[in-house]
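>>> Give me a model of this one.
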Amino acid sequence: MRMKKVPNSIKKYLKYSVGFRCKIIPPPRTASELNFILQNLQKFATIDYLSCTPLTRKCSSSDFDSDFIIKILFNPCQQKSLFSPMFSGDDYPKPNGQSESTKSALRAALVQKLKNIVSIPRYQGIEHDEDYLKHGKAIELHHQLASINSQSHHSGVRNINYKLSTSTMDNPIISFIGCDPEVDQTMLRNSIRQNFQLFHKFEKIEIDSHGSDNLLKLQ
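Here you go, the predicted structure:
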């Protein structure tokens, strides 16, 4: 059932929530692939709401045009979600005593992390890699930047300085970790060309930090 109006108690709980929406290319084909993506997005913050496109095992040449969408409502200021189906009365989230400035800082840090994400290894490529799974092996995202039309809004992307994190089992998601301050992460992410047999890419990222409104928008 879709919620049409958010109760005041929920509005207060969701005041510092962050809505996140993205497209995954290529789409995950198995439950293991999807779970690997979702479990690692969950490391960013508590999740209050999550939905995604249904899985399909059918592969086609239109994978890059198909929309496999993930929608998440993050709550960076809570250790447990109010919406967890496993709650008992004792588990109900209690006021954590954080100041408004601390909560704002937590939200801002989460927004920046989400802006920076780029790729994640495909589970089928690492599920039997013992060095990666158990021994701290780091995987680099080998990539190129797309040819840039000097008249487009991508102009100058080849001249910027940026770095990408490596993927490890503790932190599988590859992100921008060093960019010129003026860099548009969306522009740069769109310009990255990678091996889609080995990595999923996060595309069309949308981030919204308008509190409880996010719950209605993500439904």
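>>> tell me what the longest strand belonging to the chain is packed against?
In terms of residue count, the longest strand belonging to the chain (DSSP state E) is strand 199-208. Packing partners of strand 199-208 (3 or more CB pairs under 8 Å, 6 or more residues apart in numbering; DSSP states H and E): strand 18-25, helix 100-116, strand 117-121, helix 185-191. The C-beta positions use only the backbone N, C-alpha and C, and glycine is treated the same way.
>>> Which neighbouring elements make contact with the longest one?
Helices and strands touching helix 100-116, as assessed by 3+ CB pairs under 8 Å, 6+ apart, comprise strand 18-25, strand 174-179, strand 199-208.
>>> Please convert the ones you listed to CSV, extending it with distance to L82.
As requested, the helices and strands packed on helix 100-116 are exported to CSV (distance: least, CB to CB, whole Å):
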stretch, distance to L82
strand 18-25, 15
strand 174-179, 28
strand 199-208, 19
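>>> Please identify the deepest-packed of the ones you listed.
strand 18-25 (a mean of 22; mean count of other CB atoms under 10 Å).
>>> Give me the angle between that one and strand 117-121.
Per axes from the mean of the first three to the mean of the last three CA atoms, to 10 degrees, the angle that strand 18-25 makes with strand 117-121 is 50 degrees.
>>> now the very next helix or strand once past strand 18-25, how far from the centre of its chain.
Elements were assigned by DSSP states H and E; along the chain past strand 18-25, the next helix or strand is helix 31-41. In terms of CA atoms, centre = their mean, to the nearest Å, the centre of helix 31-41 is found 11 Å from the chain centre.
>>> Averaged pLDDT, helix 31-41. What do you get?
For helix 31-41, mean pLDDT rounds to 96.
>>> mind checking how far N190 is from K43?
Applying CB to CB, to the nearest Å, the value for N190 to K43 is 25 Å.
>>> ok, these two, which is more surrounded?
More crowded of N190 and K43, by other CB atoms under 10 Å: N190, with 17 against 11.
>>> The more buried one touches E203, doesn't it?
Yes - if you go by CB atoms under 8 Å, N190 and E203 touch, sitting 7.5 Å apart.
>>> Among the helices and strands packed on helix 100-116, which comes closest to A108?
Closest approach to A108 among these is made by strand 18-25 (9.6 Å; CB to CB).
>>> I'd like the average pLDDT over that closest one.
For strand 18-25, the per-residue pLDDT averages 96.
>>> any idea how far that strand is from the chain center?
6 Å.
>>> can you check stretch 117-137 too?
17 Å.
>>> try stretch 15-26
On CA atoms, centre = their mean, the centre of stretch 15-26 falls 6 Å from the chain's centre.
>>> In contact with T168: list those residues for me.
Y132, G136, K137, A138, I139 (CB atoms under 8 Å, 6 or more residues apart in numbering).
>>> if you average pLDDT over stretch 167-175, what comes out?
96.
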